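Chemist: Generate coordinates for the sequence data below:
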Amino acid sequence: MNVSHASVHPVEDPPTTDGGGGGGGGGGIIEVPRVRMKDIQGMPGTPGGLALRICQFVFAVVGLCIMATTSDFPSVTAFCYLVAATGLQSLWSLSLAIIDVYALLVKRSLQNYRVVSLFTIGDGITSTLTFAAACASAGITVLIDNDLNSCANNHCAQFETATAMAFISWFTALPSFLLNFWSLASR
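Modeler: Here you go, the predicted structure:
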């Protein structure tokens with residue numbers, strides 16, 4: 001099982017056509033050059049992928065910390081959901097950032113089908129949860145601020161900042177998911 005050599009992926013030989021019935025010269029075998037798949041920045045195991053993972057982690061942790069420091073976030077379900085989703089996003093992004101650092105240090109490619117499948121499914125789940133939590137928190141924040149006009153009694157600035165950090169974390173998780181999904185679909 002040799003999955004760790006950089007971007008050389010074997011390709012099946014296309015069917016050969018002799019045109020002449022099997023006689024003479026080269027035997028009808030056409031030499032097809034191997035195809036090299038280029039690692040696109042943002043995919044796992046690339047510096048761009050590591051940068052996306054670090055951004056996801058930082059924005060998720062900042063949103064989590066801001067929301068968790070308010071005293072009244074547990075009273076609203078959407079805010080609890082935001083804390084849970086950003087906590088999961090930060091753990092996922094940190095673990096994949098560590099894997100990216102390892103892959104970059106030992107110069108290994110993470111283009112194995114199973115690894116890309118795992119990353120795609122995990123990115124899809126965590127980004128969907130983060131986006132849903134950010135949308136729910138934004139709705140509650142608008143309700144508190146604009147409709148109820150009770151920002152004086154609540155921590156509206158902190159709620160809005162935590163929600164914005166969750167949206168930014170989702171926005172940096174989306175390219176990771178799309179690139180992994182594209183890599184998986186193009187096999």
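
Chemist: Walk me through the regions of the chain where pLDDT falls short of the threshold, as ranges.
Modeler: Residues of the chain meeting the criterion pLDDT under 70: 1-38.

Chemist: where exactly do the helices run in it?
Modeler: Using DSSP state H, the helices of the chain run over 47-68, 77-105, 113-142, 156-185.

Chemist: possible to save the ones you listed as JSON lines with distance to residue 40?
Modeler: No exception for glycine: its C-beta is placed from N, CA and C like everyone else's. Converted to JSON lines, the helices of the chain look like this (distance: least, CB to CB, whole Å):
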{"stretch": "helix 47-68", "distance to residue 40": "8"}
{"stretch": "helix 77-105", "distance to residue 40": "14"}
{"stretch": "helix 113-142", "distance to residue 40": "12"}
{"stretch": "helix 156-185", "distance to residue 40": "6"}
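
Chemist: can you redo these as JSON lines with distance to residue 39 and mean neighbour count?
Modeler: What follows is the helices of the chain, written out as JSON lines (distance: least, CB to CB, whole Å; neighbours: other CB atoms under 10 Å):
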{"stretch": "helix 47-68", "distance to residue 39": "9", "mean neighbour count": "21"}
{"stretch": "helix 77-105", "distance to residue 39": "10", "mean neighbour count": "19"}
{"stretch": "helix 113-142", "distance to residue 39": "12", "mean neighbour count": "19"}
{"stretch": "helix 156-185", "distance to residue 39": "9", "mean neighbour count": "20"}
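
Chemist: To residue 41, which of these lies closest?
Modeler: Across the helices of the chain, the minimum distance to residue 41, taken as CB to CB, is reached by helix 47-68, at 3.0 Å.
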